[in-house]
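Chemist: make a model of this:
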Amino acid sequence: MTVVVLAAPTVPVLLAGLWWVACAVPLVFIDAQVHRLPNVITLPAAAGVFALLTIDATVTDQWEPLLSSAICAAVATTVFVSMGLVLGGRGMGLGDGKLILSMTALLSWWGWGAAFGAVFLGFLGAGLVGAVLLASGRVRRGAHIPMGPFFVAGAVVMLAFPA
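Modeler: Numbers count the residues shown, from 1 in each chain. Got it, this is the predicted structure:
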């Protein structure tokens, strides 16, 4: 949470970050255990982030960051949900797409690079862990790795080093 406090430029953005972290922590444990990111947490996470970012735009009268965040989140979510629908069980789950919605909305407040940096770091981390698990024989090819914890970790890293 310290990372969110230090990265936030205003109180509403701080609250959006804290709200997202409060939602992301249980998602990490749930996804790691049952490979699911439930709507009961992912959807309120997105609603809370967007509501608080809208408050920030209203208070500061700066609407461009909100518009940019909405567009970035829409693009990223469309890509992830499309992958989930097209690839089915072989690709991303729809829960990952809903996590990406709130994560990219929040991070793109600092620019699209922060949002897509978190996604990249999530894939990189999962790939490295998957390679180690394969090499050690702990999993077989085709095993599913929960992506939520890696995306959350990528988001925390990007919050620690905002552009």
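
Chemist: going by C-alpha atoms from here, please, whenever you check contacts or count neighbours.
Modeler: Fine.

Chemist: quick one: residues contacting the spatially most central residue of the chain.
Modeler: Most central in the chain under C-alpha atoms, centre = their mean is Met103, positioned 3.1 Å from the mean C-alpha point. Taking C-alpha atoms under 8 Å, 6 or more residues apart in numbering, we find Met103 in contact with Trp20, Ala46, Ala73, Ala115, Val152, Ala155.

Chemist: again with Phe50
Modeler: Neighbour list for Phe50: Ala16, Ser102, Ala105, Leu106 [criterion: C-alpha under 8 Å, 6+ apart].

Chemist: so which strand or helix has it?
Modeler: helix 39-60 (DSSP states H and E).

Chemist: can you give me the buried ones in that helix?
Modeler: Neighbour-count burial for helix 39-60, counted by 16 or more other C-alpha atoms under 10 Å, picks out 41-43, 45-46, 48-50, 52-57.

Chemist: going on from that helix, what's the next piece of helix or strand?
Modeler: Per DSSP H and E, the first helix or strand lying C-terminal to helix 39-60 is helix 64-87.

Chemist: extract the C-alpha trace of that following helix and format it as CSV.
Modeler: Extracted in CSV, the C-alpha atoms of helix 64-87 (Å, rounded to 0.1, in the frame of the first residue of the first chain):
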residue,chain,number,x,y,z
GLU,A,64,-8.0,14.0,-20.4
PRO,A,65,-6.5,11.5,-18.0
LEU,A,66,-9.9,10.0,-17.4
LEU,A,67,-10.7,9.7,-21.1
SER,A,68,-7.2,8.2,-21.7
SER,A,69,-7.7,5.7,-18.8
ALA,A,70,-11.1,4.7,-20.2
ILE,A,71,-9.8,4.1,-23.7
CYS,A,72,-6.7,2.2,-22.4
ALA,A,73,-8.9,0.0,-20.2
ALA,A,74,-11.3,-0.6,-23.1
VAL,A,75,-8.6,-1.6,-25.5
ALA,A,76,-6.8,-3.9,-23.0
THR,A,77,-10.0,-5.5,-21.8
THR,A,78,-11.2,-6.1,-25.4
VAL,A,79,-8.0,-7.8,-26.2
PHE,A,80,-8.1,-10.0,-23.1
VAL,A,81,-11.7,-10.9,-23.3
SER,A,82,-11.4,-11.7,-27.0
MET,A,83,-8.4,-14.0,-26.3
GLY,A,84,-10.5,-15.7,-23.6
LEU,A,85,-13.5,-16.2,-25.9
VAL,A,86,-11.4,-17.3,-28.9
LEU,A,87,-9.0,-19.6,-27.1
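
Chemist: nice, that's everything, thank you.
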